[in-house]
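Student: give me a model of this one.
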Amino acid sequence: MKKVLLIMPISTLNWGEKNAGGVDSVCQMLVRELASRTQPLKYRYRVLAFDPKSQEQYTGRPIILSEQVEVIFAPANESRIGLPLPGIVTGWLRVREQISNYKPDIVHAHMNSWMIWPGGRAKNILTLHSYRKIGRKPVSFSNDLLYEKIIPSLSEYCVDIFTCVGSELVEALKKDTNKPIHIVSNPIDIAFNSQLKNEMVKTQDNKIKLVTCALISRRKRVDLILALLKEIRKSGRDVTLNIIGPNVDPVYYSELEMLIKKWELSDNVLFLGRLNQKEIIQQYQDADVGVFLSDQETFGLAPLEMLAAGLPLIATSVGILGERKDTFSKLGVTYYSNEQIENIACSIDSILYRDMRKAQDYIRSHFSAQGVLEQYESLYDEVIR
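Tutor: Numbers count the residues shown, from 1 in each chain. Below is the predicted model of the structure:
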């Protein structure tokens, strides 16, 4: 049986208990789906799971999830021979060790820094969740030079097939390579697919509960959500906003606090910080409308998770919501623009009562972990044919 080495950021095998972001969450879903299959798999899998928070230590001993799926954890940052080395170096060393020990037929990585001269004779597949400046926050001159210029150029030589989670990444990548590129969307966890709440319960007390889920960073445009909240309140409605997500930009967070004070929204806004999946689902169950007004997304997990949970959605045309705008408009998504903010605020009742069952069905049928894995395995078949 052919062997696949998956290289992924994964923070836990207690699925959904924690994650360090969207890619971590996606990779947890995929490995969970692999391990839960009852029919024999086409391939044998080993997952080299880099813990983004470096809480899991490297032992080299596989954790057996099923007969054909095993996991080896490694910290994203670690010391070697007593020296604290950059994560890109220690990660590269771990990748080469696993390729040497496991001797896979296919190496499939979810970050391009793991695909720089990995060694071995395997066919290499790279899935891009971000690329160069797309989907990436600037850090420093040297860091940006490394991750936006050097690593993309070096990894391109070692990859046989690319996959991207969205068309924006594909268009950018086409400028740099002639190698095959495929779009494979991210999966949405079936745990979010819950039953719609009784519509009569939603507004029986005249309250409207908005919810958003995002890193508190400038690109996520939480300030626009606050402005929408203000407009809805001007119409006389009792409205609140729960904001799920960690503060990763203290300067921007301070600006949000000033806006809240200026617009007298202190009693209407609650920052919840980072929550686990179960807690996020509960917030969605308690909410009336999901809001996601990001400036840029390579895919956009959070708004699709809101739709999967049955929430009416107000969103910007980014990521998959931009690529399939006509489809999602017909499914009930309200698309936001600055010019439409007053109209959206005035239409909040019609948004509130929107039937989102068709959107739920669409998410369930088009973004399943099983479907994503089937696409990946078709690429494995192709690359080793």
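
Student: got any ranges where this protein has weak pLDDT?
Tutor: Along the chain, segments meeting pLDDT under 70 span 194-205.

Student: could you report the neighbour count for the nearest residue to Gly87 once chain neighbours are set aside?
Tutor: What sits nearest to Gly87 in space, not counting adjacent residues and going by CB to CB, 6 or more residues apart in numbering, is Asn77, at 4.5 Å. (C-beta placed from N, C-alpha, C; glycine too.) Residues lying near Asn77 (other CB atoms under 10 Å) number 18.

Student: mind checking the SS state of Asn77?
Tutor: With DSSP: H, G, I helix; E, B strand; the rest coil as the basis, Asn77 sits in coil.

Student: contact partners for it?
Tutor: Each residue near Asn77 by CB atoms under 8 Å, 6 or more residues apart in numbering is listed here: Ser54, Pro84, Pro86, Gly87, Thr90.

Student: again, 7 Å this time
Tutor: Ser54, Gly87, Thr90 (CB atoms under 7 Å, 6 or more residues apart in numbering).

Student: closest one of the residues you listed to Ser337?
Tutor: Of all those, Ser337 sits closest to Gly87, with 39.6 Å by CB to CB.

Student: output the contacting helices and strands for the strand or helix carrying Leu256.
Tutor: Here Leu256 sits within helix 250-262, counting by DSSP states H and E. On a contact count with 3 or more CB pairs under 7 Å, 6 or more residues apart in numbering; DSSP states H and E, helix 250-262 meets helix 222-234.

Student: the helices in the stretch 1-150 of the chain, which residues?
Tutor: Ranges of helices within the stretch 1-150 of the chain are 22-36, 87-102, 141-145, based on DSSP state H, counting those that start in this stretch.

Student: same list, the ones you listed, but as a markdown table with distance to Val372 and mean neighbour count please.
Tutor: What follows is those, written out as a markdown table (distance: least, CB to CB, whole Å; neighbours: other CB atoms under 10 Å):
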| stretch | distance to Val372 | mean neighbour count |
| --- | --- | --- |
| helix 22-36 | 7 | 22 |
| helix 87-102 | 23 | 18 |
| helix 141-145 | 30 | 10 |
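
Student: so for Gln277, which of those helices sits nearest?
Tutor: Gln277 sits nearest to helix 22-36 of all these, at 7.8 Å, using CB to CB.

Student: now do the closest one: which elements does it pack against?
Tutor: Secondary elements touching helix 22-36 (3+ CB pairs under 7 Å, 6+ apart): strand 3-9, strand 69-75, helix 369-383.

Student: any idea how far it is from the chain center?
Tutor: Relative to the chain's own centre, helix 22-36 is displaced by 11 Å; criterion: CA atoms, centre = their mean, to the nearest Å.

Student: contacts for it?
Tutor: 8-11, 15-16, 19, 45, 47, 52, 65-66, 69, 71, 110, 129, 186-187, 189, 301, 369-370, 372-373.

Student: all the strands of the stretch 51-200 of the chain, residue numbers only.
Tutor: For the stretch 51-200 of the chain, applying DSSP state E, counting those that start in this stretch gives strands covering 63-66, 69-75, 79-80, 83-84, 106-109, 123-128, 161-164, 181-183.

Student: I'd like these laid out as CSV, including distance to Glu339.
Tutor: Listed next are the strands of the stretch 51-200 of the chain as CSV, based on distance: least, CB to CB, whole Å:
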stretch, distance to Glu339
strand 63-66, 50
strand 69-75, 48
strand 79-80, 54
strand 83-84, 51
strand 106-109, 42
strand 123-128, 33
strand 161-164, 31
strand 181-183, 31
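
Student: how about those strands, which one is nearest Ile150?
Tutor: Comparing those by CB to CB, strand 123-128 comes nearest, at 15.6 Å.

Student: now the angle from that closest one to helix 22-36?
Tutor: When axes from the mean of the first three to the mean of the last three CA atoms, to 10 degrees is applied, the directions of strand 123-128 and helix 22-36 differ by 130 degrees.

Student: for the one helix or strand Asn242 maps to, which positions count as buried?
Tutor: Applying DSSP H and E as the criterion places Asn242 in strand 238-244. Using 16 or more other CB atoms under 10 Å as the test for burial, strand 238-244 gives Val239, Thr240, Leu241, Asn242, Ile243, Ile244.

Student: what's the angle from it to helix 222-234?
Tutor: Here the directions of strand 238-244 and helix 222-234 differ by 160 degrees (the same axes, to 10 degrees).

Student: in its sheet, which strands sit next to strand 238-244, and in what direction?
Tutor: Taking DSSP bridges as the criterion, strand 238-244 forms sheet pairs with strand 207-213 (parallel), strand 269-273 (parallel).

Student: buried deepest among the ones you listed, which one?
Tutor: Highest mean neighbour count among the strands paired with strand 238-244 (mean count of other CB atoms under 10 Å): strand 207-213, with a mean of 21.

Student: convert the C-alpha atoms of that strand to PDB, please.
Tutor: Output of strand 207-213 as PDB, limited to C-alpha atoms (Å, rounded to 0.1, in the frame of the first residue of the first chain):
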ATOM      1  CA  LYS A 207     -33.700  42.100  21.200                       C
ATOM      2  CA  ILE A 208     -31.300  41.400  18.400                       C
ATOM      3  CA  LYS A 209     -28.200  39.400  19.100                       C
ATOM      4  CA  LEU A 210     -25.400  39.800  16.600                       C
ATOM      5  CA  VAL A 211     -22.300  37.600  16.700                       C
ATOM      6  CA  THR A 212     -18.900  37.700  14.900                       C
ATOM      7  CA  CYS A 213     -15.900  35.400  15.000                       C
END
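
Student: and it, how far from the chain's centre?
Tutor: Per CA atoms, centre = their mean, the displacement of strand 207-213 from the mean C-alpha position of its chain is 21 Å.

Student: what are the contacting residues of it?
Tutor: 222, 225, 229, 232, 237-245, 280, 283-284, 286-292, 302, 348, 352.

Student: thinking again about what came up before, what's the closest of the strands of the stretch 51-200 of the chain to Glu377?
Tutor: Closest to Glu377 of those, according to CB to CB: strand 106-109, at 10.0 Å.

Student: other SSEs contacting that closest one?
Tutor: Against strand 106-109 (3+ CB pairs under 7 Å, 6+ apart) you get strand 3-9, strand 123-128.
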